[in-house]
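Student: this one's structure only:
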């Protein structure tokens, strides 16, 4: 005669499969969000941004007044932001990278404050007659944001940010005449070189 053990049966009964599956899926999703990195940094987008900067730098150098010089670089910044946004969206879609996951949010939140600070300092320094210090400030703050955001991205990104900071320091403490060409080296050449590397190694 088959004997049953009520205590043994109660210990071995599995929990409801649906509840257990949902708990497992939630754990996996949360773990991936915490451990993942933001891989939609656009390599070819960086190359395109750098190319437009290299075209803008000689044009800015020809401007007769600080106001016109600043106007060229503001126009270039608008173009670069548009290129970056389109490139990020394109790479995220092609790679299946959701832009609302934790790594993407952390990258954006780390990059944004230095950019906002740069915009405010642009107004303050221009009003104070210190427009020649803007290239160094822009490069330093952009590099700071890239280093901070790079903590949630691929390894090469914070390295790129540190290079921007070095060029920014040169622009900030070097002669005023160096500023425009530091912009060309930083926002131009560095974007092209690192963008090409990211595109080749990390896909697009």
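Tutor: Yep, that arrived. Note that this is a predicted model, so its numbers are computed, not measured.

Student: I'd say residue 198 and residue 46 touch.
Tutor: Yes. Contact criterion CB atoms under 8 Å: residue 198 and residue 46 qualify, at 6.5 Å. In short, each C-beta sits where N, CA and C put it, glycine included.

Student: what comes up buried for stretch 44-54?
Tutor: In terms of neighbour count (16 or more other CB atoms under 10 Å), stretch 44-54 has its buried residues at 44-50, 52-54.

Student: which other residues reach stretch 177-197?
Tutor: Stretch 177-197 is contacted from outside by 42-51, 53-54, 57, 60-61, 69, 73, 80, 132-136, 138-139, 142-143, 156, 159-160, 163-164, 167-168, 170-171, 174, using CB atoms under 8 Å, 6 or more residues apart in numbering.

Student: would you confirm that residue 176 contacts residue 132?
Tutor: Yes. Look at residue 176 against residue 132 with CB under 8 Å: they come within range, at 3.8 Å.

Student: what residue ranges in the chain score low on pLDDT?
Tutor: For the chain, applying pLDDT under 70 flags the ranges 1-41, 91-92, 95-105, 107, 152, 204.

Student: in the longest helix seen in the chain, which residues are buried?
Tutor: Criterion DSSP state H: the longest helix present in the chain is helix 66-95. Using 16+ other CB under 10 Å as the test for burial, helix 66-95 gives 69-70, 72-73, 76-77, 79-80, 83-84, 87-88, 91-92.

Student: perfect, that will be all.
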